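# pasting the sequence and the predicted model now:
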Amino acid sequence: MSKQIKNMLLGSMAAAGLVAVTAVVDMVLGIPYSGKMVFDIMFLISAAVVIYMGYDVLKEST
């Protein structure tokens, strides 16, 4: 795997992690997204899928 592809993969995983953190903060405090529980759950599921797929690709490439 080239360095550019690996960096893009890690960047997308970091962005998904940031989305997951903001969704959890929103569930607890209700700040970034006005406390919409359905959106928070969808954000968490999509972030988990992106992180899992990125981890799987990193694992397969080594």
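Looks like it arrived, so ask away.
# only C-alpha atoms for contact and neighbour calcs from this point on.
Will do.
# and the gap between the closest residue to Leu44 other than its chain neighbours and Met42?
Closest residue to Leu44 apart from its sequence neighbours, by CA to CA, 6 or more residues apart in numbering: Ala20 at 5.2 Å. Using CA to CA, to the nearest Å, one gets 10 Å for the distance from Ala20 to Met42.
# and for Met27?
Noted for Met27: a distance of 12 Å to Met42, by CA to CA.
# among the two, which residue is more densely surrounded?
Met27 (20 against 13; other CA atoms under 10 Å).
# isn't the more buried one right next to Ser34, touching?
No: in this structure, Met27 is not within contact of Ser34 by CA atoms under 8 Å, at 9.1 Å.
# so Ile31, which of the three states?
Ile31 carries the three-state label coil when classified by DSSP: H, G, I helix; E, B strand; the rest coil.
# just to check, it is in contact with Asp40?
No: judged on CA under 8 Å, Ile31 makes no contact with Asp40 at a distance of 11.6 Å.
# between the two, which is the more surrounded one?
Asp40 (21 against 12).
# what ranges does this structure have for its helices?
Counting by DSSP state H, the chain has helices at residues 3-29, 37-61.
# would you list the ones you listed in JSON lines and tack on mean pLDDT?
As requested, those are exported to JSON lines (pLDDT from 0 to 100):
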{"stretch": "helix 3-29", "mean pLDDT": "95"}
{"stretch": "helix 37-61", "mean pLDDT": "95"}
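# find the nearest non-adjacent residue to the most centrally placed residue in the chain, please.
In the chain, the centroid-proximal residue (CA atoms, centre = their mean) is Ala16; its distance is 1.9 Å. Closest residue to Ala16 apart from its sequence neighbours, by CA to CA, 6+ apart: Ala47 at 4.7 Å.
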